[in-house]
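S.K.: Fold the following, please.
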Amino acid sequence: MDDLFPPFEPDANEPRRRRFRPVPFRMIAPNMITLLALCLGLTAIRLAFEGKFEPAVIAVVVAAVLDGIDGRVARLLKGTSRFGAELDSLADFVNFGCAPALILYGFALNPLRSVGWIVALVFAIAMALRLARFNAMLDDPSRPEWKKDFFVGMPAPAGALTAMLPLYLHFLGLTFESWAAPLVLAYVLGIALLVVSTVPTFSGKTWGKRVPREFVLPIFLVIVVVFGLVISFPFETMVTLAVAYLAALPVGAVQYRRRQKQEPALPAPDEAHETAA
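M.R.: Next comes the predicted model:
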């Protein structure tokens with residue numbers, strides 16, 4: 001019976017093989033930034049439950065900044081991966097879907113009870129649908145290259161930051177009584193519709209690959225000025241940026257239509273098949 005199950009005796013002279021190859025740090029760094037943003041989004045939810053809306057909003061804003069960094073860091077380090085893309089989408093849903101919805105519900109939509117909660121749900125689900133559509137479009141091989149300059153609908157970080165405009169105004173001294181709750185509800189619902197709409201908006205993903213030499217110093221100065229404004233007048237700056245972004249949406253749509261007209265029309269599938277034949 002002992003011969004049926006002989007003990008395993010590996011050859012001592014045979015070198016041990018590693019089961020897993022080491023992962024380069026350039027593949028890990030972007031995911032670490034994404035996880036930091038996710039931690040900020042979850043912390044914002046906790047702060048909203050505690051009624052600390054100002055630090056909760058700041059946490060979401062910083063998460064949006066990190067969300068804009070992690071993708072660029074991944075492309076610069078050539079550390080893009082499918083895992084990172086999926087993790088980024090899940091983090092975006094928490095940071096820009098769940099967190100702002102709960103913050104807005106606790107701040108202004110709570111007096112409306114069930115109706116306010118329904119709008120908060122609509123906002124969060126709109127973010128999930130928008131992110132799902134974005135991931136599906138990544139796998140579309142027939143999408144023209146120039147369309148990478150545009151998003152379909154309002155992007156998730158912009159939707160979250162603009163949806164919190166009533167909070168910025170409140171922090172600046174504007175009081176929101178119970179009569180203002182329906183106005184906030186209509187505004188949040190409008191942002192949710194923009195998120196899932198097909199309105200083209202600027203993406204900015206192709207910007208910054210090559211910067212003309214004469215623009216380097218002005219860009220540095222602009223960054224310093226924006227940083228100073230955010231530190232000194234944070235909520236005034238956020239109000240200005242949110243209003244300016246909403247006002248610029250028609251400009252992006254017009255630019256998209258113009259680019260679309262300049263592109264040659266693609267042949268229909270039947271025509272393409274006949275041409276190939």
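
S.K.: Could I get the full set of helices for the stretch 101-250 of the chain?
M.R.: Using DSSP state H, counting those that start in this stretch, the helices of the stretch 101-250 of the chain run over residues 114-138, 156-163, 165-171, 181-196, 216-232, 234-262.

S.K.: which one of the ones you listed has the most crowded surroundings?
M.R.: Mean neighbours per residue, mean count of other Cβ atoms under 10 Å, is largest over the helices of the stretch 101-250 of the chain for helix 156-163, with a mean of 25. For glycine as for every other residue, the C-beta is placed from the backbone atoms N, C-alpha and C.

S.K.: Tell me the helices and strands packed up against that helix.
M.R.: Contacting helix 156-163 under the criterion 3 or more Cβ pairs under 8 Å, 6 or more residues apart in numbering; DSSP states H and E are the following elements: helix 53-76, helix 82-93, helix 99-104, helix 114-138, helix 181-196, helix 234-262.

S.K.: Now for residue 160: which residues touch it?
M.R.: Residues in contact with residue 160 (Cβ atoms under 8 Å, 6 or more residues apart in numbering) are 60, 64, 95-97, 99-100, 127.

S.K.: returning to what we had before: kindly reformat the helices and strands packed on helix 156-163 as CSV containing mean pLDDT and distance to residue 217.
M.R.: Below are the helices and strands packed on helix 156-163 laid out as CSV (pLDDT from 0 to 100; distance: least, Cβ to Cβ, whole Å):
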stretch, mean pLDDT, distance to residue 217
helix 53-76, 91, 21
helix 82-93, 90, 33
helix 99-104, 96, 36
helix 114-138, 91, 35
helix 181-196, 93, 36
helix 234-262, 88, 23
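
S.K.: Which one, of those, ends up nearest to residue 214?
M.R.: Nearest to residue 214 among these is helix 53-76 (22.8 Å), distances taken as Cβ to Cβ.

S.K.: Show me what counts as buried in the closest one.
M.R.: Of all the residues in helix 53-76, those buried under the rule 16 or more other Cβ atoms under 10 Å are 53, 56-64, 66-67, 70-71, 73-74.

S.K.: neighbours of the residue nearest to residue 198 when sequence neighbours are not counted, just the number please.
M.R.: Leaving out its chain neighbours, the residue that sits closest to residue 198 by Cβ to Cβ, 6 or more residues apart in numbering is residue 152, at 5.6 Å. Residue 152 sits with 18 neighbouring residues when counted by other Cβ atoms under 10 Å.

S.K.: Cool, thanks, signing off.
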